[in-house]
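Peer 1: pasting a predicted model and its sequence here:
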Amino acid sequence: MVRLALLLLLPVVLAVRSGPGAAGSPAATASAYTIQGVLVTGEAAPGGGAFTQFSDPALNDRGDLAFAASTSAPGARYAVFLLKDGRLRSLAVAGRPAPTGGTFTVFNDVVLSARATVVFLGRTTDPVAHQGLYLARAGTVGAVVAAGQPAPAGGAFTDFANPTINGNDVVAFVGRMSRAAAEGIFTTGEGSLVPAVLAGQPAPGGGAFQFFLDGSPAQNDRGDLAFIASTAPQGTFGVYVLVGGRPVPVVTTDDDAPVGGPFTEFGMLALTNAGTVGFVGRTVRSAVREALYVTGRAALVALAQQGQAVGEATFTTFANAAMNDDEAVVFELGRPDPIPRAVFLATRAGVRVVVAAGDAAPSGRRFRAFGIAAINSRGQVAFVAETDDGRHGIYLATPRR
């Protein structure tokens with residue numbers, strides 16, 4: 001169980017009870033979990049002030065949590081935090097100097113490794129290094145890469161997206177460069193940046209890669225890297241894995257989906273240490289327009305699909321999916337309500353609700369809405385939620401054994 005420092009309220013642990021719920025909410029099967037309140041707005045923050053808002057947390061197999069949050073502290077209203085071994089501390093704070101020059105202003109895309117190394121995107125007041133990718137380890141923040149820095153593929157970096165970090169603390173990200181239509185996926189290694197795959201590089205099946213899309217890249221601890229890309233001039237989309245530095249297609253829009261009709265696009269990519277790829281696949285010429293897939297030994301397997309009913313919910317579109325090493329996927333629905341009202345878990349054995357609007361929160365209030373969920377290989381699910389008193393908090397759902 002995560003223990004907080006004494007300056008914070010101690011977490012409350014209880015088994016979630018199925019409440020009356022909001023109208024149309026999924027039937028609660030969340031009694032399979034205990035829900036722990038980790039932090040809520042109004043609690044004291046390290047460095048002064050109180051928490052006022054949380055970003056979606058990153059979670060590792062140890063149960064460590066990393067996240068960005070705003071606070072009421074004067075002059076330090078936004079920071080990146082790490083909760084490790086019961087100690088909560090700030091790693092980077094808005095208004096303080098950034099390693100690349102200027103001062104930090106805002107943070108996003110916080111990710112966490114098994115070693116409790118934290119990577120995040122930060123914006124600064126520096127006119128050149130206005131955005132950078134930073135790494136915090138053992139309380140020290142350093143720069144991975146910053147805008148204005150020469151790119152190994154030519155030109156200079158202009159901005160970054162989708163950072164990831166694996167269990168060996170290798171960082172991968174999408175980097176964009178000042179050259180026309182220049183974009184690539186880069187990894188860190190031996191103190192340098194290495195281009196893994198670049199726009200303009202020949203794509204399997206003809207043409208060249210053009211853009212790297214939703215959720216790219218995904219990596220595992222073996223050094224494998226998966227990505228979603230579009231190609232030109234064909235205008236196709238595909239899911240690829242780098243094998244020995246060579247992109248190998250997993251599935252493309254030239255392939256038919258298991259639910260019928262050809263794929264039209266892909267999103268929300270994940271990759272396990274065993275090499276399983278998870279993604280959302282969409283089609284237009286099928287009664288099932290969207291499904292959540294994992295790669296099987298011989299064929300794609302749909303873990304959940306549009307039109308499927310779980311409790312009182314009927315699946316529409318899939319949003320904010322994340323997969324652990326056991327191929328368990330947590331996800332939310334993107335429609336009809338733009339605010340997620342439940343967190344679901346999909347495995348090859350079926351789909352169940354982790355937590356839903358109307359379920360009891362540790363405070364005794366009722367959950368009302370949820371942020372993006374993360375899952376570790378212990379099956380723990382971390383998420384930000386709002387309760388019916390308007391307070392926001394970070395919660396940890398742990399499977400009951």
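Peer 2: Thanks, I have it. Numbers count the residues shown, from 1 in each chain.
Peer 1: for residue 235, helix, strand, or coil?
Peer 2: coil (DSSP: H, G, I helix; E, B strand; the rest coil).
Peer 1: ok, it - how many residues close by?
Peer 2: Residues lying near residue 235 (other CB atoms under 10 Å) number 10. C-beta: built from backbone N, CA, C; applies to glycine.
Peer 1: and what of residue 249?
Peer 2: With other CB under 10 Å as criterion, residue 249 counts 16.
Peer 1: contacts only, for it.
Peer 2: 204-205, 238-240 (CB atoms under 8 Å, 6 or more residues apart in numbering).
Peer 1: mind checking how far it is from residue 280?
Peer 2: 17 Å (CB to CB, to the nearest Å).
Peer 1: counting neighbours, what do you get for residue 352?
Peer 2: 18.
Peer 1: so what's it bridging to?
Peer 2: With DSSP bridges applied, residue 352 shows beta-bridge pairing to residue 345.
Peer 1: you'd agree it is up against residue 344?
Peer 2: Yes. With contact defined as CB atoms under 8 Å, residue 352 counts as touching residue 344 (7.1 Å).
Peer 1: overlap in contacts, those two.
Peer 2: Common neighbours of residue 352 and residue 344 (CB under 8 Å, 6+ apart) are residue 310.
Peer 1: in this structure residue 279 contacts residue 239, no?
Peer 2: Yes. Look at residue 279 against residue 239 with CB under 8 Å: they come within range, at 5.6 Å.
Peer 1: can you list residues touching both of the two?
Peer 2: 228, 251, 266, 269.
Peer 1: farthest pair within those residues?
Peer 2: 251 and 269 (11.4 Å; CB to CB).
Peer 1: between these two, which has more neighbouring residues?
Peer 2: With neighbours defined as other CB under 10 Å, residue 251 and residue 269 compare such that residue 269 has more, 25 against 21.
Peer 1: quick check, that one in a strand?
Peer 2: Yes. Assessed with three-state DSSP, residue 269 lies in a strand.
Peer 1: local confidence estimate at it?
Peer 2: Looking at residue 269, its pLDDT stands at 96.
Peer 1: please apply the same query to residue 75.
Peer 2: 73.
Peer 1: contact partners for it?
Peer 2: Taking CB under 8 Å, 6+ apart as the test, what residue 75 contacts is residue 95.
Peer 1: does it count as helix, strand or coil?
Peer 2: Assignment for residue 75 (three-state DSSP): coil.
Peer 1: which residues are contacting stretch 227-242?
Peer 2: 185, 196-197, 203-218, 224-226, 247-254, 263-267, 269, 271, 275, 277, 279.
Peer 1: and residue 380, how many residues sit next to it?
Peer 2: 20.
Peer 1: please name the nearest non-neighbouring residue to it.
Peer 2: Leaving aside its sequence neighbours, residue 380 sits nearest to residue 398 (CB to CB, 6 or more residues apart in numbering; 5.1 Å).
Peer 1: partner strands of the strand or helix carrying that neighbour, with direction?
Peer 2: Assigning secondary structure by DSSP states H and E places residue 398 in strand 392-399. With DSSP bridges as the test, strand 392-399 is paired with strand 33-40 (antiparallel), strand 381-387 (antiparallel).
Peer 1: quick one on the thing from earlier: I'd guessed the residue nearest to residue 380 sits against residue 38; true?
Peer 2: No. In this structure, residue 398 is not within contact of residue 38 by CB under 8 Å, at 11.4 Å.
Peer 1: those two: who's more crowded?
Peer 2: residue 38 (24 against 19).
Peer 1: that older thread, now do the shared contacts for residue 251 and residue 269.
Peer 2: By CB under 8 Å, 6+ apart, the residues touching both residue 251 and residue 269 are 239, 279.
Peer 1: immediately after the helix or strand harbouring residue 369, which helix or strand?
Peer 2: Using DSSP H and E, residue 369 falls within strand 367-370. Using DSSP H and E, the helix or strand that follows strand 367-370 towards the C-terminus is strand 374-375.
Peer 1: what's that following strand packed up against?
Peer 2: strand 58-59, strand 318-323, strand 329-333, strand 381-387 (3 or more CB pairs under 8 Å, 6 or more residues apart in numbering; DSSP states H and E).
Peer 1: turn these into a markdown table, columns for mean pLDDT and mean neighbour count.
Peer 2: Output for the helices and strands packed on strand 374-375, formatted as a markdown table (pLDDT from 0 to 100; neighbours: other CB atoms under 10 Å):
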| stretch | mean pLDDT | mean neighbour count |
| --- | --- | --- |
| strand 58-59 | 98 | 24 |
| strand 318-323 | 93 | 22 |
| strand 329-333 | 96 | 24 |
| strand 381-387 | 98 | 24 |
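Peer 1: now these in TSV, with distance to residue 371?
Peer 2: Below are the helices and strands packed on strand 374-375 laid out as TSV (distance: least, CB to CB, whole Å):
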stretch	distance to residue 371
strand 58-59	12
strand 318-323	8
strand 329-333	9
strand 381-387	3
